[in-house]
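Novice: build me a structure from this.
(chains A and B)
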Amino acid sequence: MRRTAALRILWIAIRIALAIVMMGRGSYFMYQGF
Amino acid sequence: MLADRVVDLGTAPYWFTVIAALVVIVPLVHARVRAFAIAGVDLGFACLCAGAAGAPFVLALIALAYALVALSGRSRIAAGAAGAVGLALFVAHKLPAIELPSGARGALAAIGFSYVALRAVELVRAVAERRHPPPRLDELIAYLIPFHMLAAGPIQAYDDFRAQPAVPAPLAFADALDGMDRIARGLFKKFVIAQAVHDVLLTGFAARGPYFVLEVQAYYVWVYLDFSAYSDIAVGIGRLLGRATPENFANPLAARNITEFWERWHISLSLFIRRNLFIPIQLALGRKTDGAHPLATACVAIAIAFLACGLWHGISLRFLAWGALHAVALIATNVYRHRLLARLGRKGVKAYLARPVIRVIATALTFELIAFSLVVVVYP
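Specialist: Predicted coordinates for the structure are as follows:
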């Protein structure tokens, strides 16, 4: 149980870290009324 | 058609607001204090996005909405006035050629007025039809401009907003993990996968020949990844804060026909159209014809609803054509289903649609229809 939670937290952290690295590169699709 | 990056998920103010909202709202267990804090965060964020020039307009708009919604419960004229004001602001928001007072245009973009207008329709209808009492000011703010749903929806039904508990159950570890997981999924989808699809495959339809066909597919996938990522992040934040936030996507790329596509794509918009356009129009037509032509009335209701849906996305001939294309496809699907039912019966249709070959062909055709319908709007 604890191991599963720890692995999920690690996976969450990896994805957020990768997203932060990629942020600010532009190309946002703003779906505000398409 | 691509609006300004006003509510930018890649900047500090958005995530600062998320963290501030979590710190302030989650521990609050007193219903009124909690509602007040939520409204404070929502209004503060809207004003922050609107900037110094737009913030007074946001405040004036909220005050006007509060007055008109309150009066809508007592007078049909007030409900009509609310509709007229909303429609005028919506048209002004969509048409940059229309001149607006200083700060107003930025403010309308900052609060995502396309979505605010739909929430306002839900609210005014609920109050005018006496399904709910007029909301308090803090409730009105939390419903019309929820900070985590400003960027790209979802569009919450007012009934669902009212149905949520004033104080949710304390945030359990498992719920917090689910919420964080959803946010991480959204961030990864948007900033890593969608970004990669954009950078590697999209040329702004500058390429010709076979690559154009490939880009059409990639563009649809990109729009799905990017848009559904916004919804993932909104749902995740809503889960952490204990604020009901509707699901907006259910794997639309796997839809087997366009009716199913609209049950899987931008679900909150589809449900809004069904509640506020399709059903009222179909009922009105059904009453006029004494229910003699159910298929024809459904087709007319679909046509009107989806032409309006096209114009909601953008007031232009391209969006009108996009809406018309979807309306024609939906009507054709509806008529085809009726014919199949008449020929094969309910069991026969089920068996026919379950055949792997039919499933693959139907899914591929639906994918291409949606992908090429986007080109109508975005081709330079």
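
Novice: all contacts plus neighbour counts: C-alpha atoms, from now on.
Specialist: OK.

Novice: any weak-confidence spans in chain A?
Specialist: Along chain A, segments meeting pLDDT under 70 span A:24-34.

Novice: all helices for it, in order.
Specialist: A:2-22 (DSSP state H).

Novice: who's in contact with B:Gly236?
Specialist: Going by Cα atoms under 8 Å, 6 or more residues apart in numbering or on different chains, B:Gly236 touches B:Asp178, B:Gly179, B:Met180, B:Asp181, B:Arg182, B:Ile183.

Novice: helix/strand/coil for it?
Specialist: Assigned with DSSP: H, G, I helix; E, B strand; the rest coil, B:Gly236 falls in the helix class.

Novice: now swap in B:Ile193 and tell me
Specialist: helix.

Novice: got the contact list for it?
Specialist: Contacts of B:Ile193 by Cα under 8 Å, 6+ apart are B:Leu225.

Novice: if we use 7 Å, what do you get?
Specialist: Applying Cα atoms under 7 Å, 6 or more residues apart in numbering or on different chains to B:Ile193 gives no contacts.

Novice: outline the domain layout of chain B.
Specialist: Domain segmentation of chain B under automatic domain parsing yields B:12-163, B:173-248, B:254-378.

Novice: next, format those as a markdown table and append mean pLDDT and distance to A:Ala13.
Specialist: Putting the domains of chain B into a markdown table (pLDDT from 0 to 100; distance: least, Cα to Cα, whole Å) gives the following:
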| stretch | mean pLDDT | distance to A:Ala13 |
| --- | --- | --- |
| domain B:12-163 | 91 | 15 |
| domain B:173-248 | 92 | 8 |
| domain B:254-378 | 93 | 28 |
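
Novice: what parts of the stretch 201-350 of chain B come near chain A?
Specialist: Applying Cα under 7 Å from any Cα of the partner chain, one finds that the stretch 201-350 of chain B approaches chain A through B:Asp226, B:Phe227, B:Trp312, B:His313, B:Gly314.

Novice: okay, helices next: where are they in the stretch 151-300 of chain B?
Specialist: Ranges of helices within the stretch 151-300 of chain B are B:158-163, B:173-188, B:195-201, B:210-241, B:258-264, B:267-273, B:279-288, B:294-313, based on DSSP state H, counting those that start in this stretch.

Novice: so which elements touch whichever helix or strand B:Asp42 is part of?
Specialist: Secondary structure from DSSP states H and E places B:Asp42 in helix B:31-72. Under the contact definition 3 or more Cα pairs under 7 Å, 6 or more residues apart in numbering or on different chains; DSSP states H and E, helix B:31-72 sits against helix B:12-25, helix B:76-94, helix B:104-110, helix B:113-128, helix B:137-144.

Novice: and the fourth one with helix B:31-72, angle?
Specialist: Read that as helix B:113-128. 80 degrees (axes from the mean of the first three to the mean of the last three Cα atoms, to 10 degrees).

Novice: does helix B:113-128 reach chain A?
Specialist: Yes. On the criterion Cα under 7 Å from any Cα, helix B:113-128 is in touch with chain A at B:Ser114.

Novice: just how off-centre is that helix within its chain?
Specialist: Its chain's C-alpha centre and that of helix B:113-128 lie 12 Å apart, by Cα atoms, centre = their mean, to the nearest Å.

Novice: same question for the first one.
Specialist: Centroid separation between helix B:12-25 and its chain, computed with Cα atoms, centre = their mean, is 23 Å.

Novice: can you check the longest one too?
Specialist: Averaging C-alpha coordinates over helix B:76-94 and over its chain gives two centres that are 19 Å apart (Cα atoms, centre = their mean).

Novice: please point out which parts of that helix sit buried.
Specialist: B:Ala78, B:Ala79, B:Ala81, B:Ala82, B:Gly83, B:Gly86, B:Leu89, B:Phe90, B:Val91, B:Ala92, B:His93, B:Lys94 (16 or more other Cα atoms under 10 Å in any protein chain shown).
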